[in-house]
Each structure stands twice: as C-alpha cells, then as structure tokens.
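[1] this one's structure only:
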C-alpha cells in the first residue's frame, strides 16, 4: 500500500542489513522495531542537531562513491580530505575501504580521473 504523504529513499544494502539486525536485536529495548523507525528517528535527530553527526571537515574534501554490486559490503563511500580519509560505511579512518583507496590501482586511476588527490598515508 502506497501512502500519499510518504516517499521512498535508496539506502546501501549493507546498511539495510545492519539496521535490520539492530531492530531484531534491540528493537524491543529501544522501541525501534524496524528500519523505518530507526531512520525516522535518525533523520529527526540530524535535522535538530546536525553538529552531533557531522565533523567540521565535512564542509571541505571530496566525496567518492564506488558501488560494488557483487559485494555491497565492499562498496566505497569515502570523504577524502587533505590530511585523512573517512569511510562512511564503517565510520572509520582505518578500514578495508580506506586501504582499498590506497592499494587498488583501478580506484587510484578513477580518483586521478576526477582530480582527487589522496593524502599521504
């Protein structure tokens, strides 16, 4: 059933799985029984206080996304700054996605094509 006052949004498969696992494991404890309730809460909190969610440096830097349809958990979603890289999948500066940006020659070629320079590791 489609509701006139609702819209759909796309979200990375890896995150959907994590949201579903969270709802299953902690849903009763926090009153968040499904991914829609979790995302609704997060969106409201973000709009109320974006500074809780964003680092100051997110205003600068380059956003680089490279989907991996065969293995969505291996997709890249990175913010690349002058001094460091932040992975938006792991919310980390030190993970396999960041390592891929430095080590994979195809990713390096793609970054060069878009004139995105990696910081010194």
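    Perfect, thanks for sending it. Note that this is a predicted model, so its numbers are computed, not measured.

[2] Quick check, central residue of the protein?
    For the chain, the residue nearest the mean C-alpha position is residue 88 (3.5 Å; Cα atoms, centre = their mean).

[3] Am I right that that residue is in contact with residue 75?
    No - in this structure, residue 88 is not within contact of residue 75 by Cβ atoms under 8 Å, at 10.0 Å. The C-beta positions use only the backbone N, C-alpha and C, and glycine is treated the same way.

[4] can you give me phi and psi for the residue nearest to the centre of the chain?
    Dihedral angles of residue 88 (phi, psi; degrees, to the nearest 10) stand at phi -80, psi -10.

[5] Residues in a beta bridge with the closest residue in space to it that isn't next to it in sequence, which ones?
    Spatial nearest neighbour of residue 88, excluding adjacent residues (Cβ to Cβ, 6 or more residues apart in numbering): residue 77 at 4.1 Å. Taking DSSP bridges, one obtains residue 65 as the residues bridged to residue 77.

[6] Cross-check the contact I'm expecting between residue 77 and residue 87.
    Yes - taking Cβ under 8 Å as the definition, residue 77 is a contact partner of residue 87 at 7.0 Å.

[7] Just the terminal-to-terminal distance for stretch 86-99.
    The straight-line separation of the ends of stretch 86-99 (Cα to Cα, to the nearest Å) is 11 Å.

[8] Please tell me how far it is from the chain's geometric centre.
    9 Å (Cα atoms, centre = their mean, to the nearest Å).

[9] now swap in stretch 8-21 and tell me
    Its chain's C-alpha centre and that of stretch 8-21 lie 10 Å apart, by Cα atoms, centre = their mean.

[10] Return the set of buried residues in that stretch.
    For stretch 8-21, burial by neighbour count (16 or more other Cβ atoms under 10 Å) applies to 12, 14-15, 19.

[11] what's the answer for stretch 37-54, then?
    38-39.

[12] Filter the buried residues of stretch 8-21 down to the ones in helices?
    14-15, 19 (DSSP state H).

[13] Before I go, just wanted to say thanks for your time.
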